[in-house]
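Participant: I would like the atomic coordinates for the input below:
(4 chains)
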Protein chains: 2
Amino acid sequence: MSDRRARPRAGLTRERVVDAALAFVDEHGIAALSMRKLGAELGVEAMTLYHYVPNKEALLDALIDRLVSALAGIAPGPGERGQQWLGRVARAYRAQLLAHPGVLPLAATRPAVSPDSLRVIETALGLLEFPPARGLDMVNAVMTFVLGHTLAEAGRAPGARSDVDSLAHLDADRFPLLAQALRDGARHDERFEFALEALLTGLFATDPRSEASE
Amino acid sequence: MSDRRARPRAGLTRERVVDAALAFVDEHGIAALSMRKLGAELGVEAMTLYHYVPNKEALLDALIDRLVSALAGIAPGPGERGQQWLGRVARAYRAQLLAHPGVLPLAATRPAVSPDSLRVIETALGLLEFPPARGLDMVNAVMTFVLGHTLAEAGRAPGARSDVDSLAHLDADRFPLLAQALRDGARHDERFEFALEALLTGLFATDPRSEASE
DNA sequence: CCTCGATTCTTACGCTGTAAGAGACGAGAA
DNA sequence: TTCTCGTCTCTTACAGCGTAAGAATCGAGG
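Facilitator: Model (predicted):
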C-alpha cells in the first residue's frame, strides 16, 4: 500500500523550524501555532520537530531571540552620543515588533536575557557616560516603554487591531474629549515619536557627573 | 448509592466566579487556570461555569477589568495639576499589577477599553490643559510605560521572578558593566520612580498653549 | 552489503475548551 | 399538596493540544 519512498528526509534544521514558526505566527497569529500544524507546514509529523527543539517553550523563546538579535548589530556611529544611539535602538526594536506583531505577546511575556540582548545592554552602558546602575535604569526604561507602547498599538489578536482602533465607535456623549482626541485617527508613529522623545529628554536631563551623590 | 442531597445549589454568581479565578491565578499563575480546575475550586463541574461566563476569554477579560476598575476611583485633589494626578494613577496602576502579577500577561495582551478605563482617560483629558489629541498621547505614553516596566519586573512565570533577577549568574567577563550595574540588586521601585519621573518631566516640558502650531 | 547513528513516524496518555442535552432543584400556580 | 417551569447543574462527548516511549526507516562509512 505505502510506496517505498513515502518518507524522504525533510532536510530540517533548527533554523528552518524557527523560520517556519515565525512565518506561521506572522500569518495566523500565535494562538494558532501548534506543533502538529507547524509540522504539517514543513511536511513532517509533530514529533519530528522535537529533534530540533526540546519543547514548544524553547521554540517560542527562539522566536523572540530572532527579533532581539537584529538589535545587536546596531553600532554607534562615530561620535554619536548615547541619546541618539538609544533612540535608534528603540526605533529598531519597535520596527522589529511591528514587523512580527504575532510575536509581540511573547516578547511581553518572556524575559529577554539572550546573549544578544545582553550585548545590546552592555554596549549601551559603555556609551552612556552614566554610572552603570543608572545607565541600566535608562536602557530598561526605554526598552520597556517601547514594548508597552507597541503592545497597545499592535499587540492584540489579529482581529481587532489596536486599542485606539477598537474605540472607533465609542459613546461621544459620555466621553466627549476622548472622542475629539480620536477624530484624527490612530497616528501611531507620531504618538510613538512624541513619547519617545519625551522619555529620552527626561532621562538625559540630569548631568551624568552629578549622579554619585545621594 | 448517591444520597438524595448530592447536588445542592452552589450559590454562584458571576462575581464569585471572577473572584475565584483571580485568587486562583494569584496562587497558581495564569497558565494553570483551566475551567475544570476553577470549577473544582468552587465545588462545581466545569460546564456549570458557562452559566455565568460565556467562555474562558470573557473570564480573562473580566480579570483585567478588575484591576483597571480600581483606577477609576482616583479623583484629582483640589487644585491638583495634571502631572501629579497622572503620576498617582501610574503608581496605582503599577500597584494593581504587582498585587496580581499573574494577571499581568493578560493586561499586556488584551485591549483595555472597558468603560472604567475610558473614564480614567476622559478624566485625564479634562485635567491636562493640553489639546485632547496631545493629552491622549501623554496618557497613552504613561500607561503603556507602566505596563511595559512592570512586565519586565514581574510579568514572567511564577518561577523566574524578573528580568534582572534571572541575570543573577551572568558572565562578568563578557559583560563587565552590566555585572557592575546589577551588583546592588534589583531596586525595582527606585528604577520605576526614576523612569516615571523622567517620562513625566519630558511629557510636560512643552507649554500647553504652544501646541497648535505645526 | 552491513551496520550504526540520525532522523522520522506511530501510538498513546492526560489534558484542554466547550457543544449538546439530560436531569434535578426551588419557587409560584392550581 | 401537587404540578409546572425556569434556572441551575451535571454527564457525555469531541476535537485538539503537548509530548513520552519506542518502532521503523533512512543515508553514510566500514
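Participant: per-residue pLDDT, residue A:138?
Facilitator: For residue A:138, the pLDDT comes out at 89.
Participant: next, the angle helix B:132-154 makes with the helix or strand containing it.
Facilitator: Secondary structure assignment for residue A:138, by DSSP states H and E: helix A:132-154. Counting by axes from the mean of the first three to the mean of the last three CA atoms, to 10 degrees, helix A:132-154 lies at 120 degrees to helix B:132-154.
Participant: only alpha carbons, please: show helix A:132-154 as PDB.
Facilitator: What follows is helix A:132-154 as a C-alpha-only set of coordinates in PDB (Å, rounded to 0.1, in the frame of the first residue of the first chain):
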ATOM      1  CA  PRO A 132      26.300  51.600  35.100                       C
ATOM      2  CA  ALA A 133      23.400  51.200  37.500                       C
ATOM      3  CA  ARG A 134      21.900  54.400  36.300                       C
ATOM      4  CA  GLY A 135      22.500  53.500  32.700                       C
ATOM      5  CA  LEU A 136      20.800  50.200  33.200                       C
ATOM      6  CA  ASP A 137      17.800  52.100  34.500                       C
ATOM      7  CA  MET A 138      17.700  54.200  31.400                       C
ATOM      8  CA  VAL A 139      18.000  51.300  29.000                       C
ATOM      9  CA  ASN A 140      15.400  49.400  30.900                       C
ATOM     10  CA  ALA A 141      13.100  52.400  30.800                       C
ATOM     11  CA  VAL A 142      13.400  52.800  27.100                       C
ATOM     12  CA  MET A 143      13.000  49.200  26.100                       C
ATOM     13  CA  THR A 144      10.100  48.500  28.400                       C
ATOM     14  CA  PHE A 145       8.500  51.700  27.100                       C
ATOM     15  CA  VAL A 146       8.800  50.600  23.500                       C
ATOM     16  CA  LEU A 147       7.400  47.200  24.400                       C
ATOM     17  CA  GLY A 148       4.400  48.600  26.200                       C
ATOM     18  CA  HIS A 149       3.700  51.200  23.600                       C
ATOM     19  CA  THR A 150       3.900  48.800  20.700                       C
ATOM     20  CA  LEU A 151       1.700  46.300  22.600                       C
ATOM     21  CA  ALA A 152      -1.000  48.900  22.900                       C
ATOM     22  CA  GLU A 153      -0.600  49.600  19.200                       C
ATOM     23  CA  ALA A 154      -0.400  46.200  17.600                       C
END
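Participant: get me the contact residues on chain A for DNA strand C.
Facilitator: A:7, A:9-12, A:39, A:43-48, A:51 (CB under 7 Å from any atom of the strand). Backbone N, C-alpha and C define where each C-beta goes, glycine included.
Participant: which of these tops the neighbour count?
Facilitator: Counting neighbours by other CB atoms under 10 Å in any protein chain shown, residue A:39 comes out on top of these with 20 neighbours.
Participant: and that one, helix, strand or coil?
Facilitator: helix (DSSP: H, G, I helix; E, B strand; the rest coil).
Participant: give the contact list for the nearest residue in space to it that is not next to it in sequence.
Facilitator: Residue nearest to residue A:39 in three dimensions, not counting chain neighbours: residue A:46, with 4.4 Å by CB to CB, 6 or more residues apart in numbering or on different chains. Residues near residue A:46 by CB atoms under 8 Å, 6 or more residues apart in numbering or on different chains: A:34, A:35, A:36, A:38, A:39.
Participant: residues near whichever residue of chain A sits closest to chain B, how many?
Facilitator: Across chain A, no residue is closer to chain B than residue A:148, which sits at 2.7 Å (CB to the nearest CB). By the criterion of other CB under 10 Å, residue A:148 has 27 neighbours.
Participant: cool, residue A:31 as well?
Facilitator: Residue A:31: 11 surrounding residues under other CB under 10 Å.
Participant: over to the one 4 residues further on?
Facilitator: Neighbouring residues of residue A:35 were enumerated by other CB under 10 Å; the total is 18.
Participant: now for it: which residues touch it?
Facilitator: Neighbouring residues of residue A:35 by CB under 8 Å, 6+ apart: A:46, A:49, A:50, A:56.
Participant: now do residue A:120
Facilitator: Counting by CB under 8 Å, 6+ apart, residue A:120 makes contact with A:68, A:71, A:72, A:74, A:89.
Participant: let's see 10 Å
Facilitator: Going by CB atoms under 10 Å, 6 or more residues apart in numbering or on different chains, residue A:120 touches A:68-69, A:71-74, A:89, A:92-93, A:112, A:114, A:139, A:143.
Participant: in helices only, show me these.
Facilitator: Using DSSP state H, the members of the contacts of residue A:120 that fall in helices are A:68, A:69, A:71, A:72, A:89, A:92, A:93, A:139, A:143.
Participant: mind listing what the residue minimising distance to the centre of chain A touches?
Facilitator: The centroid of chain A falls nearest to residue A:97 when counting by CA atoms, centre = their mean (3.7 Å). Applying CB under 10 Å, 6+ apart, we find residue A:97 in contact with A:67, A:103-104, A:107-108, A:146-147, A:149-151, A:153-155.
Participant: cool, and residue A:40?
Facilitator: Residue A:40 is in contact with A:24, A:34, A:46, counting by CB under 10 Å, 6+ apart.
Participant: rewinding a little: now pLDDT, secondary structure and distance to residue B:186 too, for the contacts of residue A:35, in JSON lines please.
Facilitator: Converted to JSON lines, these look like this (pLDDT from 0 to 100; DSSP: H, G, I helix; E, B strand; the rest coil; distance: CB to CB, whole Å):
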{"residue": "A:46", "pLDDT": "96", "secondary structure": "helix", "distance to residue B:186": "39"}
{"residue": "A:49", "pLDDT": "97", "secondary structure": "helix", "distance to residue B:186": "36"}
{"residue": "A:50", "pLDDT": "97", "secondary structure": "helix", "distance to residue B:186": "35"}
{"residue": "A:56", "pLDDT": "97", "secondary structure": "helix", "distance to residue B:186": "29"}
